[in-house]
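1. Turn this into a model:
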Amino acid sequence: MAVDSGRSGAELEKRVEDLLSRMTLAEKVRQMSGQCTWKDLAIMPFHYNHRPYPSGENQRLGIPPILFTDGPRGIAQGRSTCFPVSMARGASWDPALEERIGEVMGYEARAQGANFSGGVCVNLPRHPGWGRAQETFGEDPHLLGAMGAAMISGLQRHIMACAKHFAANSIEESRFFVDVKMDERTLHEVYLPHFKKCAQAGAAAFMSAYNKLNGHFCGHNRRLLAEILKGEWGFDGFVISDFMLGVRSATAAAAGLDIEMPFTWRFGKRLKKAVQKGRVPEAAVNEAVRRILRKKLEFEKVGDPAGYDKARVACPEHTALALKSARKGMVLLKNERGALPLDRDRVKKLAVLGRLADHPNLGDRGSSRVYPPYVVTPLAGLRKLAGPVQVDYASGKNLEAARKLAREADAVIVVCGLTWRDEGEHIPVINLGGDRENLDLPAEQIELIRAAAGECDRVIVALEAGGALTLESWKDLVPAVIMAWYPGMEGGTALAEIIFGDINPSGKLPLTFPKSTDQLPLFKKKIKTIEYGYYHGYRLFDKRGLEPAFPFGHGLSYTRYEYANLRLSAESMGEGGALEVSFELKNAGERAGEEAAQLYVAAPGKAVDRPVKELKGFARTALGPGETRKVKMTLRADELAYYDAEQKKWRLEPGEHRVLVGSSSAEKDLGLSAGFQLLA
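-> Numbering: from 1, shown residues only. Here you go, the predicted structure:
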């Protein structure tokens, strides 16, 4: 089935139709059916994706299988490069870096025999307690879409990429049965825009979610799959099911589901029989096979002309990228009294406390697990880069021993947070992961922080987790806090570099850190039906006038940035128009750094209820000491529309809109403002 990568669309479609015309019904159904073995299924709970999972091979016609591999933070097979979790990469606000990460993942997947990645998770975490929040890029649709599209672009230089889980999947322990209710406007404006950007980026495939949406399982949801994804958006790829329980009957094929993964259960012979008895039109099967063949043909010649060298998996070039990603994603939440960075010439003794300091903590051990050749822990990183500084360690299990080390130290690093036992994909068989209704640190860790703070006035807390934590019971006791996330195989190196000032922190929060769970929407781990409202995250905080612990977009630096001279290219724009937004960004400090500037828009909110403001642009800029640069962003009219559910169309709201620019979503950080008229 050789095809030249330069073939026209017409030639490709002709080849698709030729292959389809020569297939029997059984062969068509086989294209739609996963082909994992019983051995694969037996191994899956203990070493998921130990090999690529196949589907749709046809030796008679020379049609190769799809070979699935997973992993938002790296390839699940072999000893692959383990990057920081997606939430940490979302904190970089750097789509160009994410595209390069996707490219490396694509290369490593192809080098290990895969041709399809299921690693692009863009689900929106309505509540930060969602166990798999670490697999996605943040709470805002604009940021999610930009990062997801970038990852797809990188992956698809080598393999097919799949965006998941479509849609409204954000409660882990109820995922197989929960019915998520929401109105059409909320669906289109809040829970789908990032998926649409992935489709526009050319994603080869989408994966349906387990949950129901408005009464119908997502794998059987014709409104979602056929009408919106394939109809309104013009998506020409295929849809695969989430594994095992993603398909409930063969009739899913009539709703727009194209492949059952990872093995044949509801499709296969059952689908063939459903077609023969008229429960599923053969036209639906033909359309599914067209979509599958189309992407197989498109991607057959995509890739590195020099071939794929397995020796390059987790090579120095790739692990250096993991280090770069960890550096850019760590967020300095708090830094008072000059606590950071530590000066190696002045700090003689450093105490490192906490069990997680000496623990390779990479995050979830479900479908996103990666097995890297090594992991640099925080303790290992600090000892490697400490130079003349004496580094002493205590796990904190013996509180008096920890107090003694803190008392004798010039500074203390307490490493706290969560592990795969606390959050992640929920697999009951081996008691993995799950959701968090309580966002506090474990009690023994809070006790350790309090003990250290009672003995030393220079205590830095480094946090490892996949989402937001509540810190109110202890954050005022310490002068500095770093959010390190699950930072990947080189995370300990990056953390040490930031602590000693070798790297200037530049990460920004991709989700809001609340003061308490009372500020958040309703969240229950076990729930059969739930209403998803229009507001969550910073939009909810704005609407209710709530003050978070740390706002969306927040992140400190070892230098200072000044924003000035906001300019709009025009005073108005109409349908189909665009404005250029420009401003000056100055590094007013004495250290080089990078700043992720953010652009929000406030709509009039008269035609319909609107958020106080919404993120509509961002730009990461590197600046030397004292340097000023002009930053430009483009604002398009279609990004300002709201969804009219009655008419099923997007509408612009005429009137004055405000552009707000600054360093975070907090009102105090949005110092630049200008207005323009939107003409509808």
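
2. Number of residues surrounding E317?
-> Residues lying near E317 (other CB atoms under 10 Å) number 10. Every residue, glycine included, has its C-beta placed from N, CA and C.

3. Show me what whichever strand or helix holds it is packed against.
-> Assigned by DSSP states H and E, E317 belongs to helix 316-329. Packed against helix 316-329 by the contact rule (3 or more CB pairs under 8 Å, 6 or more residues apart in numbering; DSSP states H and E) you find helix 86-90, helix 95-111, helix 491-499.

4. Let me know the average pLDDT across the shortest one.
-> Confidence for helix 86-90, expressed as mean pLDDT, is 98.

5. try stretch 397-409
-> Rounded mean pLDDT across stretch 397-409 is 97.

6. Mind listing what's buried along the helix holding E317?
-> 318-319, 321-329 (16 or more other CB atoms under 10 Å).

7. Show me what the helix or strand following that helix is in contact with.
-> Next helix or strand after helix 316-329 toward the C-terminus (DSSP H and E): strand 331-335. Applying CB atoms under 8 Å, 6 or more residues apart in numbering, the external contacts of strand 331-335 come out as 91, 340, 475, 478-483, 498, 505, 507-509, 513, 550, 554-557.

8. Which ones among those map onto strands?
-> Secondary structure from DSSP state E places 480-483 of the contacts of strand 331-335 in strands.

9. just curious, which of those is nearest to N58?
-> Among the ones in strands among the contacts of strand 331-335, M483 lies closest to N58 (CB to CB), at 48.8 Å.

10. How about the closest one, nearest residue that isn't a chain neighbour?
-> Residue nearest to M483 in three dimensions, not counting chain neighbours: V331, with 4.2 Å by CB to CB, 6 or more residues apart in numbering.

11. And that neighbour, how far from P95?
-> 18 Å (CB to CB, to the nearest Å).

12. swap in R248?
-> Counting by CB to CB - R248 and P95 are separated by 36 Å.

13. Return the helix holding E317 as CSV; C-alpha atoms alone will do.
-> Coordinates of each C-alpha in helix 316-329 appear next as CSV, following Å, rounded to 0.1, in the frame of the first residue of the first chain:
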residue,chain,number,x,y,z
PRO,A,316,21.2,13.1,25.8
GLU,A,317,19.4,15.5,23.3
HIS,A,318,16.0,14.2,24.4
THR,A,319,16.7,14.2,28.1
ALA,A,320,18.1,17.8,27.8
LEU,A,321,14.7,18.8,26.4
ALA,A,322,13.0,17.2,29.4
LEU,A,323,15.3,19.3,31.6
LYS,A,324,14.4,22.4,29.7
SER,A,325,10.7,21.7,30.1
ALA,A,326,11.1,21.2,33.8
ARG,A,327,12.9,24.5,34.2
LYS,A,328,10.3,26.4,32.3
GLY,A,329,7.3,24.8,34.0
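
14. angle of it against helix 491-499?
-> Computed by axes from the mean of the first three to the mean of the last three CA atoms, to 10 degrees, the angle separating helix 316-329 from helix 491-499 equals 50 degrees.

15. Need the residues that contact helix 316-329.
-> 81-84, 88-92, 94, 97, 100-101, 104, 108, 312, 484-485, 487-491, 493-495, 497-498, 503, 506-507, 594.

16. So among these, which ones count as buried?
-> 81-84, 88-92, 94, 97, 100-101, 104, 108, 484-485, 487-491, 493-495, 497-498, 503, 506-507, 594.

17. Just the buried residues of stretch 328-346, please?
-> Those buried within stretch 328-346 under the rule 16+ other CB under 10 Å are 328-335, 339-342, 344.

18. where along the stretch 51-200 of the chain do the helices fall?
-> Ranges of helices in the stretch 51-200 of the chain, per DSSP state H, counting those that start in this stretch, are 86-90, 95-111, 141-155, 184-186, 193-200.

19. for the record, mean pLDDT for the second one?
-> Here the mean pLDDT over helix 95-111 is 98, rounded to a whole number.

20. Show me which parts of it are buried, residue by residue.
-> Buried-residue list, helix 95-111, by 16+ other CB under 10 Å: 95, 97-111.

21. repeat for stretch 512-523
-> Quick answer for stretch 512-523 (16+ other CB under 10 Å): 512-514, 517, 519-520, 523.

22. Over to stretch 204-220?
-> Going by 16+ other CB under 10 Å, stretch 204-220 has these buried residues: 204-213, 217-220.

23. Name the pair among these with the greatest separation in space.
-> The widest separation within the buried residues of stretch 204-220 (CB to CB) is 25.8 Å, between A204 and K212.

24. Any idea which of the helices and strands packed on helix 316-329 gets closest to L379?
-> Go through those one by one with CB to CB and the one that ends up closest to L379 is helix 491-499, at 7.1 Å.

25. Give the other helices and strands that the closest one contacts.
-> So helix 491-499, by 3+ CB pairs under 8 Å, 6+ apart, packs with helix 316-329, helix 378-385, strand 459-464, strand 480-483.

26. Only C-alpha atoms, please: export that helix in PDB.
-> Output of helix 491-499 as PDB, limited to C-alpha atoms (Å, rounded to 0.1, in the frame of the first residue of the first chain):
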ATOM      1  CA  GLY A 491      13.100  17.400  37.600                       C
ATOM      2  CA  GLY A 492      15.600  17.300  40.500                       C
ATOM      3  CA  THR A 493      18.200  19.000  38.400                       C
ATOM      4  CA  ALA A 494      15.800  21.800  37.400                       C
ATOM      5  CA  LEU A 495      14.600  22.300  41.000                       C
ATOM      6  CA  ALA A 496      18.200  22.600  42.200                       C
ATOM      7  CA  GLU A 497      19.100  25.100  39.400                       C
ATOM      8  CA  ILE A 498      16.200  27.300  40.400                       C
ATOM      9  CA  ILE A 499      16.900  27.100  44.100                       C
END
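
27. tilt between that helix and strand 459-464?
-> 150 degrees.

28. right, and the helix or strand after helix 491-499?
-> Next element after helix 491-499 (DSSP H and E): strand 529-531.

29. Over to E455. Which of the three states is it?
-> coil (DSSP: H, G, I helix; E, B strand; the rest coil).

30. any idea how far it is from A409?
-> From E455 to A409 the distance is 8 Å (CB to CB).
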